[in-house]
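Asks: only geometry, no sequence info:
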């Protein structure tokens with residue numbers, strides 16, 4: 001079974017909570033950003049990653065705004081269920097942005113990253129990385145990947161939400177970046193069953209197809225109905 005949850009922020013206690021203990025062998029847990037166990041490096045984080053490696057299920061995450069992308073990028077790349085990942089541990093992978101994965105016959109687009117809204121001053125390589133947002137040249141690759149799938153997916157996994165959903169959850173209009181612009185393009189152009197996102201520390205369903213997640217663990221899916229947003233020619 002495939003399950004989805006929100007930001008972990010490096011909190012191992014989440015793995016001892018009832019929803020996590022219910023996960024079984026061969027299940028996969030998808031994390032919508034701010035995994036948080038790759039932040040400062042060092043022995044304590046290594047112990048935490050080794051603890052996760054002892055779970056009998058798989059864990060896969062998209063990056064958020066509290067993941068050290070220098071540490072993430074240091075892990076080897078490999079193919080995994082149809083897309084590229086960074087392999088962190090035998091049962092733990094980072095889903096590279098723009099890749100589409102097929103799990104139990106269902107397709108998942110990984111679209112991690114976001115603009116940081118930390119109150120503290122942003123310092124490159126300390127609490128901010130350029131890779132948190134895509135470069136202009138990456139966007140054509142994202143579109144090509146979507147063309148390969150005819151803009152049809154089962155699920156979208158992101159940290160940040162499209163601008164209208166962001167405003168609905170956050171109560172204000174977010175900054176428009178290359179990432180949010182592409183998320184808006186996905187919203188207009190793609191056919192998908194459900195869009196899962198983290199970031200906002202809320203468990204909030206926004207009809208018809210958007211699910212904000214924080215500490216809930218939900219089974220991927222639900223109603224088998226895809227929502228089609230007409231593509232602009």
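Replies: In hand now; what should we look at? What you are looking at is a predicted structure, and each value in this text was computed from that prediction instead of being measured.

Asks: What is the neighbour count of residue 46?
Replies: 11 (other CB atoms under 10 Å). All C-beta atoms are positioned from the backbone trio N, CA, C, and that covers glycine.

Asks: For this structure, name the helix or strand with the lowest mean pLDDT.
Replies: Using mean pLDDT, DSSP states H and E, strand 227-228 stands out as the lowest-scoring helix or strand of the chain, at a mean of 44.

Asks: ok, now which ones touch residue 19?
Replies: 5, 216, 217 (CB atoms under 8 Å, 6 or more residues apart in numbering).

Asks: An error on my part: the question was meant for residue 111.
Replies: Going by CB under 8 Å, 6+ apart, the list of residues near residue 111 reads 62, 97, 98, 142, 156, 157, 158, 179, 182, 183, 186.

Asks: which one among those gets closest to residue 207?
Replies: Comparing the contacts of residue 111 against residue 207 with CB to CB places residue 156 closest, at 15.9 Å.

Asks: Secondary structure of the closest one: a helix, I assume?
Replies: No: Residue 156: not assigned to a helix; according to DSSP: H, G, I helix; E, B strand; the rest coil it is strand.

Asks: So which of the contacts of residue 19 belong to strands?
Replies: Within the contacts of residue 19, residues falling in strands by DSSP state E are 5, 217.

Asks: would a markdown table of the contacts of residue 19 with pLDDT, neighbour count and distance to residue 35 be doable?
Replies: Converted to a markdown table, those look like this (pLDDT from 0 to 100; neighbours: other CB atoms under 10 Å; distance: CB to CB, whole Å):
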| residue | pLDDT | neighbour count | distance to residue 35 |
| --- | --- | --- | --- |
| 5 | 97 | 23 | 10 |
| 216 | 95 | 15 | 16 |
| 217 | 96 | 18 | 15 |
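
Asks: For the contacts of residue 19, give me CSV that also has distance to residue 111.
Replies: As requested, the contacts of residue 19 are exported to CSV (distance: CB to CB, whole Å):
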residue, distance to residue 111
5, 17
216, 20
217, 20
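
Asks: quick one: which of the contacts of residue 19 is nearest residue 21?
Replies: Minimum distance to residue 21 across those is 10.2 Å, recorded for residue 217 (CB to CB).

Asks: which residues does that closest one contact?
Replies: By CB under 8 Å, 6+ apart, residue 217 lies in contact with 3, 4, 5, 19, 20, 22, 23, 29.

Asks: which non-adjacent residue is nearest it?
Replies: residue 19 (3.7 Å; CB to CB, 6 or more residues apart in numbering).
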